[in-house]
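Enquirer: need a 3D model of the following:
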Amino acid sequence: MQQQTPPPSEAPAAVIDVEQAEAALVEHYPRLVRLAYLVLPPGLGRNRRVLTAHAIAQRALPRGRTADAPTRVPAQRGAADPGYAYVRLKVLRSALEAGLPLKRLAWPKRAQLPPLLPQVWGLRLFPKSGGADELALDQRLSALDGPARAAYVLRGLERLDEAAVAAVLVEAGCSEEDATAALVEARVTAADDSTAAEDDADGTSLLESPEFDPCSLHARPTDLMRRRQHLKAAIAAVAATLVCGALLGLPGDGWAPDGAAAPPYAKNPAAQAALNPAKLRKASPTAWKTSDREDFSVWPARGSLTGDKELLRRALAVWARPGGSVKVSATPGTPAGAPPGPPQLLYAGDLDQARVVLLYDGMRVVRYAEPKSGTSGAALDFARVDGASGANAGALVMDRADGNVRYLTAPWVTSAATRDLLKPEAGARTVSRTKDGITAPFPSPALATSCTSWNALALTDASGTRLTTDLGELVPAHLTAGNPRAPREARPKDWASSACSLAAARSHGVSTVNSWAYARQQLPEANGIAQWSCTRAQTWRGTGPRTLALFQASGADAAVVASTSQSSPACGPREPRVLSGVRWKSRAGTWYLVAAGSSQVNSVTAAGRSVTGNVLAVPVERGTKVSLSGRTARGAAVHTLR
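Expert: Numbers count the residues shown, from 1 in each chain. A predicted model of the protein is given here:
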């Protein structure tokens, strides 16, 4: 898509008229919104980045009738339109401010808050999906900080030279040292782009593709089931509030607030029994040794505060009715209501400057944490664990701090170690544990901002060693490998090329992730052998598994995502077959569509060519739309992930 270039003017004016700035904003609105979208931090998510980019562009007009013109701000491609230079600087400054971390004792900047306008209810908006090149560029930009992303975008989208880019960054609030460092990072990133030379040759850029156009959008509904549940919950909450108000107005003693818990809503014998610390269930310290099951029901109560009735009473009361100051979180699909009966105590003890209580009600594990001094900073976390056993019941997250995580391990675990999945040849590093089974802190991939390493927790018991990893949940995800119908325990080398894809499964209520290397392919022009694999993240709720097809060319450090699906049965136990393709450029510069299917695929068809077998490589023009399909030996159609 060719973008319009702002027209030059005779000379920059000393004062910018509001109408002049408005004309520049209206004329170049799509480019300004694209600039904001590319510079905004990727962690915001595509929907919020779209809305924030539009809000930033719309707030770029000066407030008064005139505004001082920015000094030493070069215009785009040699132009000197002061109106465009002004609004571009405003957009860039706001986009950089949106990526700054919030400070504890300072008011947030306007750009750091969700935009008031525009707002879209019931829909999620995101740009059109691009190809492998756009995805690779998006991943490279995600690894850069705000100033470096801005420098890359100003060089590629605005076609400014390095001196001009540095001047714009300084005007936008960066120091000269930060501007220089940003230019270096942008230069290195551009050098790593294998398509840069071709892009420059015809005057276009991947930055101008529909993948990064927040003015040309797809619309999809939000979670309809959750929306309906929230509406029902809101109606029920209003009704409960009215009933509670009436009940609290009646004479009687009532319950008193417990720590950070909200005021109680009614006397109920069953509810009172569930919230009585004296009725908490505790497994025998040796129950796990004779039980036929390895699950949370046979975990003994551990910790130095299992007899602290006041602490346990506060934990149960906050679980039943968390107050407004309590930070509550729940994995997707996990109900956050009160326990149906007296829960089981798993742990109660001190952990650094906090007291932690872990409870289990047969379907959920609940973690309550409060500071040692007071209860104003209490937190309550819910995780669904119905059916958890073996590796899925081997550890629980105690806390995350300073980029590290600590676990409480199951009583049957004999040793714990960490393995870096990106370095499978490196040995295991033993993790020390307390007498209660709490591990020493070690770096968590759930808190990492880049994928230079990926730690997994290796738990050894009488059955062998199992790998789990932190995906931001209360329960670590179990890692497996192999054919989805007969997965086995994963080894670090099974995840060496696909570990970084686990980032897409963070905070989705994932119980198990399987990696399956389903095909190997000889690349054209003697470019080596490529490996195809797929990863499938299974959730505790059983729905919404996320499946990725990955392609790793010979000599590449990591695999790239070829296709994705949120609900396809492919690469799963019900349909253990998969087909995917990706555009790939040989060392000689020729573009190919390379595709591979699992062993069940007997033929592959693309670009008018059909081959027998499960792999295909056919020359294609870059940007050409090509359909891809396959068939089994019995003639059943096999489609790509979508």
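Enquirer: all strands for the stretch 501-642 of the chain, in order.
Expert: All strands of the stretch 501-642 of the chain, identified by DSSP state E, counting those that start in this stretch, fall at 510-522, 529-539, 546-552, 560-565, 579-585, 591-597, 601-606, 609-612, 615-619, 628-632, 637-639.
Enquirer: equivalent analysis for the stretch 201-350 of the chain, please.
Expert: Using DSSP E, counting those that start in this stretch, strands in the stretch 201-350 of the chain cover 217-221, 327-330, 344-351.
Enquirer: in JSON lines: the ones you listed, plus distance to residue 117, mean pLDDT and mean neighbour count.
Expert: Heads up, the C-betas are built off the backbone N, CA and C, glycines and all. Shown next, in JSON lines, are the strands of the stretch 201-350 of the chain (distance: least, Cβ to Cβ, whole Å; pLDDT from 0 to 100; neighbours: other Cβ atoms under 10 Å):
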{"stretch": "strand 217-221", "distance to residue 117": "16", "mean pLDDT": "71", "mean neighbour count": "12"}
{"stretch": "strand 327-330", "distance to residue 117": "28", "mean pLDDT": "92", "mean neighbour count": "15"}
{"stretch": "strand 344-351", "distance to residue 117": "43", "mean pLDDT": "96", "mean neighbour count": "21"}
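Enquirer: to residue 555, which of those strands lies closest?
Expert: Nearest to residue 555 among those is strand 217-221 (34.7 Å), distances taken as Cβ to Cβ.
Enquirer: which strands border the closest one, and is each parallel or antiparallel?
Expert: strand 123-127 (antiparallel) (DSSP bridges).
Enquirer: about what we covered before: do you know which of the strands of the stretch 501-642 of the chain lies nearest residue 145?
Expert: Nearest to residue 145 among the strands of the stretch 501-642 of the chain is strand 560-565 (22.5 Å), distances taken as Cβ to Cβ.
Enquirer: and stretch 575-591, how far out from the chain's middle?
Expert: 26 Å (Cα atoms, centre = their mean, to the nearest Å).
Enquirer: typo on my end, it should be stretch 317-333
Expert: For stretch 317-333, the distance to the chain centre is 22 Å (Cα atoms, centre = their mean).
Enquirer: any buried residues in that stretch, and which?
Expert: For stretch 317-333, burial by neighbour count (16 or more other Cβ atoms under 10 Å) applies to 317-323, 326, 329-333.
Enquirer: just the closest of those residues to residue 296, please.
Expert: Nearest to residue 296 among those, with distances taken as Cβ to Cβ, is residue 331, at 15.2 Å.
Enquirer: so in this protein, where's the weakest helix or strand by average pLDDT?
Expert: Every helix and strand in the chain was compared by mean pLDDT, DSSP states H and E; the lowest is helix 196-202, with a mean of 41.
Enquirer: residue 444 and residue 50: what is the separation?
Expert: Residue 444 sits 30 Å away from residue 50, going by Cβ to Cβ, to the nearest Å.
Enquirer: the two - which one has more neighbours?
Expert: residue 50 (25 against 22; other Cβ atoms under 10 Å).
Enquirer: ramachandran angles for that one?
Expert: Residue 50 adopts backbone torsions of phi -60, psi -50, taken as degrees, to the nearest 10.
Enquirer: hmm, back to that, residue 356 is nearest to which of the strands of the stretch 501-642 of the chain?
Expert: Using Cβ to Cβ, the nearest of these to residue 356 is strand 510-522, at 22.6 Å.
Enquirer: return the list of strands paired to the closest one, each annotated with direction.
Expert: strand 477-481 (parallel), strand 529-539 (antiparallel).
Enquirer: circling back: show me the one of the strands of the stretch 201-350 of the chain that comes nearest residue 524.
Expert: That would be strand 217-221 among the strands of the stretch 201-350 of the chain, by Cβ to Cβ, at 33.4 Å.
Enquirer: ok now the closest one, how far from the chain's centre?
Expert: The answer for strand 217-221 is 19 Å, by Cα atoms, centre = their mean.
Enquirer: for stretch 138-148, same thing?
Expert: With Cα atoms, centre = their mean, you get 16 Å for stretch 138-148.
Enquirer: again with stretch 494-508
Expert: On Cα atoms, centre = their mean, the centre of stretch 494-508 falls 10 Å from that of its chain.
Enquirer: now do stretch 167-181
Expert: 30 Å.
Enquirer: what about the stretch 1-150 of the chain, any weak spots by pLDDT?
Expert: 1-16, 63-80, 102-108, 110-112, 122, 126, 130 (pLDDT under 70).
Enquirer: now with 50?
Expert: Within the stretch 1-150 of the chain, the segments meeting pLDDT under 50 span 1-14, 65-79.
Enquirer: is it true that residue 308 touches residue 348?
Expert: Yes. Using Cβ atoms under 8 Å, residue 308 is in contact with residue 348, at 6.4 Å.
Enquirer: now for the two: what residues contact both?
Expert: Common neighbours of residue 308 and residue 348 are not found (criterion: Cβ atoms under 8 Å, 6 or more residues apart in numbering).
Enquirer: do a quick rundown of the helices in this structure.
Expert: Applying DSSP state H to the chain gives helices spanning 18-27, 29-39, 46-58, 82-98, 132-142, 146-156, 162-171, 176-192, 196-202, 224-248, 269-274, 287-290, 309-320.
Enquirer: let's have those in a markdown table, adding distance to residue 505.
Expert: Formatted as a markdown table, the helices of the chain follow (distance: least, Cβ to Cβ, whole Å):
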| stretch | distance to residue 505 |
| --- | --- |
| helix 18-27 | 40 |
| helix 29-39 | 25 |
| helix 46-58 | 17 |
| helix 82-98 | 26 |
| helix 132-142 | 16 |
| helix 146-156 | 25 |
| helix 162-171 | 35 |
| helix 176-192 | 26 |
| helix 196-202 | 31 |
| helix 224-248 | 19 |
| helix 269-274 | 33 |
| helix 287-290 | 29 |
| helix 309-320 | 27 |
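Enquirer: right, and the ones you listed - which one's nearest residue 466?
Expert: Comparing the helices of the chain by Cβ to Cβ, helix 287-290 comes nearest, at 16.1 Å.
Enquirer: buried sites along the closest one?
Expert: Applying 16+ other Cβ under 10 Å to helix 287-290 flags residue 288 as buried.
Enquirer: and for stretch 438-458?
Expert: 438-439, 441-446, 451, 454-458.
Enquirer: try stretch 135-150
Expert: 135, 136, 137, 138, 140, 141, 144, 146, 147, 148, 149, 150.
Enquirer: domain-wise, how is the chain divided?
Expert: According to automatic domain parsing, the chain comprises the domains 15-221, 253-381, 388-496, 519-524+541-642.
Enquirer: can you flag the weakest of these by average pLDDT?
Expert: Here those differ in mean pLDDT, and the lowest is domain 15-221 at a mean of 76.
Enquirer: how far away from the center of its chain is it?
Expert: 22 Å.
Enquirer: 6 is where my numbering starts, stick with that
Expert: OK, 6 is where the count begins now, so the last one is domain 20-226.
Enquirer: who's in contact with residue 536?
Expert: 502, 522, 524, 525, 526, 556, 557, 564.
Enquirer: what subset of those is buried?
Expert: 502, 522, 524, 526, 556, 557, 564.
Enquirer: of those residues, which is the nearest to residue 224?
Expert: Closest to residue 224, out of all of these and judged by Cβ to Cβ, is residue 556, at 29.3 Å.
Enquirer: how close does that closest one sit to residue 619?
Expert: Distance from residue 556 to residue 619, by Cβ to Cβ: 14 Å.
Enquirer: what's the answer for residue 172, then?
Expert: 54 Å.
Enquirer: which one's more surrounded, the two?
Expert: In this view residue 172 and residue 619 are compared by other Cβ under 10 Å, and residue 619 has more residues nearby, 24 against 18.
Enquirer: isn't the more buried one up against residue 585?
Expert: No. Contact between residue 619 and residue 585 fails when scored by Cβ under 8 Å: they sit 11.2 Å apart.
Enquirer: quick one: contacts for residue 546?
Expert: Counting by Cβ under 8 Å, 6+ apart, the residues that residue 546 touches are 337, 338, 389, 514.
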